[in-house]
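# sequence and predicted structure are below.
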Amino acid sequence: MANDLDSLRQQMRAVTSEIMQKVQERMELARQIGEVKSRLDLDVRDEKVEQEVRLAVIRQAAAIGMDRDFALRLLNTLLTESEAVQAQGRKSAAPKQTHLAIFQKAKQLEASGKKMIHLEVGEPDYSAPESVGRSLAEAFRSRQYHYTETRGIPQLRNAIAKASGVGEDEVIVTPGGRFAVFSAIAGLLKPGQELITVEPAWPAYRECAEFAGVKTKVLRTTLEDGWTPDIDELKSLISEGTKMLAINYPNNPTGKILDRKTMSGIVSLARDHGLYLLSDEVYSDYAFRQFDSVLTHDYEKSIVVSSFSKTYAMTGFRVGYAVAEAEIIKKMTRVQAVGITSVAEPIQHAALAALSEDPSANVRIMEKRLKFISSKLKEMGLRFVEPDGAMYVYPELPASDDISVVESLLEKGVAIAPGSGFGDSYSKFVRITACRPEDELAQGLEIMSSVIRK
Ligand code: PMP
């Protein structure tokens, strides 16, 4: 018996060695292909070629009796690595300047004594409700500062469940919407599986996916199409390995809200292909026209992400939540248990207090500011879609590229976000945030106008 085991292990080592040899040969080929593509100025990623390889692998897996999902995950790992090799040294491989990178730079400039107008970061300037402060003090007084159930205290989950029309088992309280996104991706997908994002997009979907070894595919939307995704194009991106679609309406950075027909089209596609539908609705309160949550489409594989950050100006409290079927919540809870044990108990009480507040005054402030920004951008003659919601305007620059405009503005004391931080194809765009009072917005936009006129 012991000899049998030794012999099997020896054969296993030999096969592993062959696999490693072959993988290395593949990487060398990828490097050469990368050189040719670079010379011909071709994109590193070619979806059509990838799809052909994928179909061939599916056929081979069937022929040799290999599990199809496993084969596709292996293939995606190889594709991701060869893309990385091909991208080396390319301009597009340089680290992206996201809105957060600009925020850091602006902070450094401020530390050296420069005055800055912050139009780059999505953090409301108004105060969190007074009742939130009172509940924090009360939590301290009554010693409510312990570990809690990983998915959150029952009172808060109950209140969220009631407001969302779901059961208490269908809610998880998370440290911000961001961690809900991470838990959904890390808890529901396996490395090598695929997630589709709709760009321009908040970069976290891609970042979380890449961190979890999940491959991303991108559906691009355009200003010309009013940032509405094309359902046929979306369909063509779905392959056997695709397991999740991430959407975000009202959208950061465009402010778009989809009409019900387009949303139904997206939900139907997800349903037909059994995809998880991750719907980031952290701006749902900032909707200046009809917005229906994905929950109203009653799709069992949807996960709705929400947050206290934007609605109640509670960014630094780090508290949000997700609503999904109980089985999905269990998988997300597992990630949270591994990573953080639970959200801080006093913060959960503060969130509960916030839930009984009416955020409509905040929403009106934001709508008024966005209208103001829009009117100024029109005066500058810039093209953009007027936001239906959220806290941003995403105009196209007349000629110059985003990074040079953003850097000139930084020098002049105004921070805005480069459009390319929200997707590779958007270096002609910038994002302006309505999170400062109107007089500051006016000053910032005046300076922007002088920079782009040059
Ligand atoms: N989703 C979107 C679309 C966002 O823009 C943000 C914040 N910028 C978040 C989620 C995360 O918010 P938080 O983690 O503060 O809840």
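Everything's here; your move.
# how long is stretch 146-164 end to end?
End-to-end distance of stretch 146-164 (C-alpha to C-alpha, to the nearest Å): 27 Å.
# now swap in stretch 278-285 and tell me
With C-alpha to C-alpha, one end of stretch 278-285 sits 18 Å from the other.
# so which residues make contact with that stretch?
For stretch 278-285, the surrounding residues in contact (C-beta atoms under 8 Å, 6 or more residues apart in numbering) are 177, 181, 184-185, 202, 205, 244-252, 291, 293-294, 302-307, 309-311, 320, 359, 362-363, 389-391. Yep, even glycine has a C-beta here, placed from its N, CA and C like the rest.
# for Ala180, give me its contacts.
Taking C-beta under 8 Å, 6+ apart as the test, what Ala180 contacts is Ile172, Thr174, Ile303, Val305, Ser306, Ser307, Gly320, Tyr321, Ala322, Met332.
# any chance of the backbone angles for the third one?
Dihedral pair for Ile303: phi -130, psi 120, per degrees, to the nearest 10.
# close enough to count as contact, it and Lys331?
No - using C-beta atoms under 8 Å, Ile303 makes no contact with Lys331, being 10.0 Å away.
# okay, and the common contacts of the two?
The contact lists of Ile303 and Lys331 share Leu188, where a contact means C-beta under 8 Å, 6+ apart.
# pick out whichever of the two has more residues nearby.
Higher neighbour count among Ile303 and Lys331: Ile303, with 28 against 17, using other C-beta atoms under 10 Å.
# who does that one bridge with?
Per DSSP bridges, the residues bridged to Ile303 are Leu278.
# in this structure, spot the helix with the most residues.
Ranked by residue count, the top helix of the chain under DSSP state H comes out as helix 2-39.
# which other helices and strands contact it?
Helix 2-39 is packed against helix 68-87, with contacts defined by 3 or more C-beta pairs under 8 Å, 6 or more residues apart in numbering; DSSP states H and E.
# elements contacting the helix it packs on?
Using 3+ C-beta pairs under 8 Å, 6+ apart: helix 68-87 touches helix 2-39, helix 47-64, strand 215-220.
# what about the nearest residue to Val294 once chain neighbours are set aside, distance to the ligand?
Nearest residue to Val294, sequence neighbours excluded (C-beta to C-beta, 6 or more residues apart in numbering): Ser279, at 3.9 Å. Separation of Ser279 from the ligand (C-beta to the nearest ligand atom, to the nearest Å) stands at 11 Å.
# what of Lys37?
33 Å.
# quick one: that residue and Val49 touch, right?
No - in this structure, Lys37 is not within contact of Val49 by C-beta under 8 Å, at 10.8 Å.
# of the two, who's got more company?
Ranked by neighbour count (other C-beta under 10 Å), Lys37 and Val49 place Lys37 first, with 17 against 11.
# got a pLDDT number for Glu110?
Each residue has a pLDDT score; the one for Glu110 is 89.
# please name the nearest non-neighbouring residue to it.
Glu110's closest residue in space is Met116 (C-beta to C-beta, 6+ apart), at 5.1 Å.
# and for that neighbour, the neighbour number?
Quick note: Met116 (other C-beta under 10 Å) scores 19 neighbours.
# and the stretch 101-250 of the chain, which residues reach the ligand?
Selection of the stretch 101-250 of the chain residues close to the ligand by C-beta under 6 Å from any ligand atom yields Gly122, Gly176, Gly177, Arg178, Trp202, Asn248.
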